[in-house]
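Chemist: Return atomic coordinates for the entry below.
(chains A and B)
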Amino acid sequence: MSGWYAVAPLIVAVAAAAATTLAHAAPRTQRALSLGGAFALLLAAVALMDAVWRGGMIVVQSSNWAAPFGITLAVDTFGAVMTLIAAITGAACLTFAIPEIEERHRRAWFHPLSHVLLLGVCGAFITGDLFNLYVWFEVMLIASFGLMTIGGTKAQTDGAVKYVSLNLVATLLFLLAVGLLYGMTGTLNYADLARTIPTVGNTGVLTAAAMLLMAAFGMKAAVFPLFFWLPAAYHTPLVSVSAVFAGLLTKVGVYALIRAFTLLFTHDVGWTHQILLWVSGLTMITGVLGAAAQSEMRRILSWHIISQIGYMVMGLALYTPLAIVGSVFYLVHHIVVKANLFLIAGVAARLAGSMELKKIGGLYRAAPLLGVLFFIPAFSLAGFPPLSGFWAKLILVRAALEDREWWIAAAALVTGLLTIYSMTKIWGEAFWKPHPRGDGAAAPLAAAPAAMLAPIVALAACTIAIGLFAQPFWIVAERAAAELLDPAAYAAAVLGRLP
Amino acid sequence: MLIAVLAPFAAAGFAPLLVRLLGDRAGLVLAIVPAATFVWLLSRLPEATPGVLEATPWVPGLDVALDFSLDGLSLIFALLISGIGTLIVLYAGGYLKGHPMLGRFFLFLMMFMGAMQGVVLSDNVITLFVFWELTSLASYLLVGFESDRPAARRAALQALLITGSGGLALLAGLVMLAEAGGSWRISDLTGAGAWIQDDPLYRPILILVVLGCFTKSAQWPFHSWLPGAMQAPTPVSAYLHSATMVKAGVYLLARLDPALGGSPEWLWILTGIGGLTMLMGVVFALLETDLKLVLAWTTVSALGTLVFLLGPTHEPGVKAAMAFLLVHALYKGALFMAAGNVDHEAGTRDLTRLGGLMRTMPVTFAAAAVACVSMAGLPFGLGWVAKELIGAAKIALEDEFGITVIAATLTNLMLFCVAAIVATVPFTGRTSEAAAHAHEAPWPMLAGPVMLAALGLVFGMAPNLIAEPLIAAATTAVIGRKATLEIVLFKAFDWKFLLTLATFVAGAALFLLWRRSAAGWRASLNPVLDRGPDRGYDQVMRGLAALAAWQTRIWQPGLLHRYMAASFAVVTLAGAASLTRGEMRLNLDFDGGRLIEWAVFAVTAASALVAALATTRLLAVTALGMLGLGVAMIFMLFGAPDLAITQFMVETLVVVILALVLIRLPGFRLSAGGARPRWLYAGISAGTGALVTLLLLGVLAEPFDPRLSEWFGRAAVPEAFGHNIVNVILVDFRALDTLGEIIVVFAAALAALAAIGIGARTRA
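Modeler: So this is what the prediction gives:
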């Protein structure tokens, strides 16, 4: 019975994609179905989280074929948390999209593609099978390509080509790694892989295959030095689209990295996780420096995605219980904050006329409430207490210091400082500085549709809630981390106890 | 105590609403909050004992709790925060009368007040840090309050970045301190001093914590943000940037003195940097013409003095520091507010344009003059008392630090001169043009300076009112054993007294000299002094921007082929390096191969080579098609006919469609794409190919586990009712994958439709 909780988000997303396609000729109906679908997904995700929290990991064998022969869906706390946060982001961004998208965007299949994207994201979090994960990655990739080109500007096409080409490389590597692993272990099921991998004798080849997978997921996650596609593409699409991307896509890569390098590949932690540690440090620093060089809001924010991915990978790389808690906490905090910042940038550009910081200003006077709404996620991103990002950073820094990994702690802290620099750049230019075209050039907040502000307010409230009442979130993250560090329990839940 | 901390935050939330309802009178209402706190704190005066008084769990998982404790040290700071806070809120209502953003101002100010109370009352290192950072944030918003001016924005950012970087060091230091001391409670840590100082990480911890404190308390070379922060409205300068926030670093040093202090490192760092800051600040004060900047530099000097006094970790030093803390807060608060009145009423605070204000602004003048008595250390001011205690502290040090006595005496001398300047230049002499239209400030703007100046005078004459309950209690908290203090105003007519008198005389002489030749000093010294840390800050920022731009050009040149090459190179290197990390058995059994296999191999390899070397797009596409067909042949040869057929169809269609598209495109030849490093790319390709080959040979060396395929074979007919195993896998065993792929095709179709649709419209 509990299996339905795991399947429900997928069914809801498929149904929403189908329904919005069928209702394409009736814009109002399509819009209602799309929103309905997004909130139904949110409900399904809440129910899933609740079920997992109460009853522990949910395992479903699709079509009732026993593992490892069929495809297993397996949702532990981490998967449920990610599904929930994805659904929250989806609902927020689709609500924002209602006033944003124009008829021509709608006609370019915005709604069905959005639901396909959410399907892919949720599928990736719910599956317990490596090849099935590959399929969900493809679903995400093609849907995101479609969404990215809506609008059809030259910059979008250019960005989308780079995005797709480089992501296809990742896909290729992923597929290659899956094939190699299958050849060595004869299985694709996560749990079965977790049990079989330690028996593989050809450890060098195994580690190399793990590296291919690391590269594939790392590319999706946009880590150093495989992040090229992200800054090339993320500033071009519709605001709601870029917010979903910013919140979710790279995080699926991080999720996959965490899953793979806690459940599957822990046979040579001194090598794989050490590489991850270097990667995370360099990702943080290059990302944040990249942001410092930008002067367009979404470009700044895009580079910051990269640098923040570094923090999440850092937790995985340190591979201590506290550090994994940090990664999980960071993921949740970051998705909320980053999606929100893209949405806010969209509103700011709408009110002041541009995403280019040089061309705008005066929002502090014209729209003080937007200032408050920006300040919350921006300073949370920079790790200012008592907002959510502070706890995330504190956990990771503490984990690094306890582990005596001084330089990564230093990198994390310096990155925090440079993040402040970037966020204050947006604040100083877009809000404090007078508008270059004089007073009155920036419109008041009332000029923005309520449907755009509602999700921003809701997400900001999440950020504050995580900040002020961090303990419940800590408990969830701690349980998720404890499960992640117990692959035997995961395998037992899927395959039954070892004889 | 939780309420004392949270009440200002709540008030901050309501402040904009209050201002909307009550206008300028909102300040009167808001002042109730700090006033009530002040009264409550006074009521706790007799029983302020160390130890946790209130504990509320916050994030137990991270050992973070809202633990608050109130001892003598917390109390003296908390009294200053709430007491001066009350006066400042009143004052700000007058100073910013009618300002359109008064609501926001009070919001930030009250937020700061709560945060600052939190800093001095917290007994948990993380909670303390949370409030610490909040004060930086409030300071940022308040310094940049007049955000239309670029100077204000720059100063706000500079303050935030400098204190923020110190804050990050502090965070690391506090975490390491808690780990070393085995507790996240400050009151536990202060008892674990010996243990902490034996820790191998003691020096890093000390440096990190000190960095946090020094940036916050504007010690050299991090001081440059403090004069910059004078861009803030005067109530902010008076409150944050002289009386309270900048003393947070001093507070934390005093607080952690039992845990970290007493070592030679502590002594040298604090005494050295503190002494340098003390001397530097007052020299710079003499060179300024802006009244607020003069005061700011003396604040820098005072902060240096406080740090300097905490260096030796002995009772006289701590006593002197606590007394001077109080003295400075009283006179500097009064002087800043007086300076604000001058600025507000006369429209300028430039010393060279002010004069004669004592006639139009007598109350302000009186307050400033009395405060200056204290600042100069003249008898009957509280400054005299502090100076006596500082003298005692210096003498306790004398045998080791002769030079510090000289530094402190020089500082005193110059401080006397600055006091003379502040008390006389704007108020006496010929009435300047600016002063001609000035009026006395309204009462809320007078209450503050008058009250603070008067308190300085009262305590100066009856110092024992505060000696025991405040100064000795605070000292007890810092040194960890009972301290007592009785102050005798005039001890004896000895050489020390003569030295004091000599200082006064020399200070007065310096003042006369200053009147005559200050302009000349400025002209000759300012170009040199401009090369200080403030310029350094600009250079760091420029360097940062250049570094960022440079590295972004490297990582993001915008060329897809570079990105591709880099990605493959990284993967190949990582994979190859990993191969060496463990066993690498390769299956090298080669049976010679059939002729047809060789033929297919030759075709495939040749097409790959042609595709790589092709100079026209059409040729490249055709060659890739050939390559695909070759791969299909391989499928065919190794028993996957379904797959081969699919592959044939796909490859054929792709070539046809691409060819149709390509012949309609203008640029038929492949562009060189600039200087493309062909040999490098060839090397990367070869490396990637070699890696994949090695991996495949490695996989083949591993015995294949056929569980799945055997089970599929067994279960297909009886359980899934299908004779074609591939089909059964696709539509039953792994149907979910197929569903996913159908959705991929579906989404691709939608995207294609959209692309065609848009194309059609733009052409129409």
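Chemist: low pLDDT regions in the stretch 251-400 of chain A?
Modeler: Across the stretch 251-400 of chain A, nothing is flagged by pLDDT under 70.
Chemist: what residues does it put near chain B?
Modeler: Listed as neighbours of chain B in the stretch 251-400 of chain A under the rule Cβ under 8 Å from any Cβ of the partner chain: A:268, A:271, A:275, A:286, A:289-294, A:364, A:368, A:379, A:384-386, A:390-391, A:394-395, A:397-398. In this view, the C-beta of every residue, glycine as well, is placed from N, C-alpha and C.
Chemist: mind listing which of those residues are in helices?
Modeler: Counting by DSSP state H, these place A:271, A:275, A:286, A:289-292, A:364, A:368, A:379, A:390-391, A:394-395, A:397-398 in helices.
Chemist: ok, which pair from those is furthest apart?
Modeler: By the measure Cβ to Cβ, A:Trp271 and A:Pro368 form the most distant pair in those, at 52.3 Å.
Chemist: which residues does B:Tyr140 contact?
Modeler: By Cβ atoms under 8 Å, 6 or more residues apart in numbering or on different chains, the contact set of B:Tyr140 is A:Thr424, B:Ala156, B:Leu157, B:Ala159, B:Leu160.
Chemist: quick one, what contacts the residue nearest to B:Leu137 when sequence neighbours are not counted?
Modeler: Leaving aside its chain neighbours, B:Leu137 sits nearest to A:Phe384 (6.1 Å; criterion: Cβ to Cβ, 6 or more residues apart in numbering or on different chains). Going by Cβ under 8 Å, 6+ apart, A:Phe384 touches A:Phe390, A:Ile420, B:Glu133, B:Leu137.
Chemist: try 7 Å
Modeler: Contact analysis of A:Phe384 by Cβ atoms under 7 Å, 6 or more residues apart in numbering or on different chains lists A:Phe390, B:Glu133, B:Leu137.
Chemist: nearest to B:Phe504, of the contacts of B:Tyr140?
Modeler: The nearest one, if we look at the contacts of B:Tyr140 relative to B:Phe504 and count by Cβ to Cβ, is B:Ala159, at 35.5 Å.
Chemist: distance of the nearest residue to that closest one once chain neighbours are set aside from B:Val699?
Modeler: Excluding its sequence neighbours, the residue lying closest to B:Ala159 (Cβ to Cβ, 6+ apart) is B:Trp225, at 4.2 Å. According to Cβ to Cβ, to the nearest Å, B:Trp225 stands 60 Å off from B:Val699.
Chemist: Restricting to C-alpha, output stretch A:77-93 in CSV.
Modeler: Taking Å, rounded to 0.1, in the frame of the first residue of the first chain, the C-alpha atoms of stretch A:77-93 are listed here in CSV:
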residue,chain,number,x,y,z
THR,A,77,14.5,10.1,3.7
PHE,A,78,17.0,11.8,1.3
GLY,A,79,14.9,10.9,-1.7
ALA,A,80,11.7,12.0,-0.1
VAL,A,81,13.2,15.3,1.0
MET,A,82,14.5,16.0,-2.5
THR,A,83,11.1,15.1,-4.0
LEU,A,84,9.4,17.4,-1.7
ILE,A,85,11.7,20.3,-2.3
ALA,A,86,11.4,19.7,-6.0
ALA,A,87,7.7,19.8,-5.8
ILE,A,88,7.8,23.0,-3.8
THR,A,89,10.1,24.7,-6.4
GLY,A,90,7.9,23.4,-9.2
ALA,A,91,4.7,24.8,-7.6
ALA,A,92,6.4,28.2,-6.9
CYS,A,93,7.9,28.6,-10.3
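Chemist: contacts for that stretch?
Modeler: Outside stretch A:77-93, the residues that reach it (Cβ under 7 Å, 6+ apart) are A:9, A:38-39, A:41-42, A:45-46, A:48-49, A:52, A:118, A:121-122, A:125-126, A:240, A:243-244, A:247-248, A:255, A:328, A:332, A:335, A:339, A:455, A:458-459, A:476, A:479-480, A:483-484.
Chemist: pLDDT on that stretch, on average?
Modeler: Average pLDDT, stretch A:77-93: 96.
Chemist: hey, where'd the helices end up in the stretch 451-600 of chain B?
Modeler: Taking DSSP state H, counting those that start in this stretch as the criterion, the stretch 451-600 of chain B carries its helices at B:464-466, B:473-479, B:495-529, B:533-555, B:560-579, B:595-613.
Chemist: Just send these back as TSV, with distance to chain A and mean neighbour count too.
Modeler: Shown next, in TSV, are these (distance: least, Cβ to the nearest Cβ, whole Å; neighbours: other Cβ atoms under 10 Å in any protein chain shown):
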stretch	distance to chain A	mean neighbour count
helix B:464-466	34	17
helix B:473-479	25	25
helix B:495-529	27	14
helix B:533-555	4	14
helix B:560-579	4	20
helix B:595-613	15	14
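Chemist: Just put these in CSV and tack on mean pLDDT.
Modeler: Below are the helices of the stretch 451-600 of chain B laid out as CSV (pLDDT from 0 to 100):
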stretch, mean pLDDT
helix B:464-466, 84
helix B:473-479, 87
helix B:495-529, 82
helix B:533-555, 89
helix B:560-579, 91
helix B:595-613, 90
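Chemist: Adding distance to A:His235 as columns, could you present those helices in a markdown table?
Modeler: Putting the helices of the stretch 451-600 of chain B into a markdown table (distance: least, Cβ to Cβ, whole Å) gives the following:
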| stretch | distance to A:His235 |
| --- | --- |
| helix B:464-466 | 60 |
| helix B:473-479 | 54 |
| helix B:495-529 | 44 |
| helix B:533-555 | 14 |
| helix B:560-579 | 17 |
| helix B:595-613 | 33 |
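Chemist: of all those helices, which lies closest to B:Gly173?
Modeler: B:Gly173 sits nearest to helix B:473-479 of all these, at 19.0 Å, using Cβ to Cβ.
Chemist: ok, for the residue sitting nearest the centre point of chain B, nearest residue in space, not its chain neighbours?
Modeler: By Cα atoms, centre = their mean, chain B has its centre lying nearest to B:Gly164, at 1.5 Å. Closest residue to B:Gly164 apart from its sequence neighbours, by Cβ to Cβ, 6+ apart: A:Ile420 at 5.3 Å.
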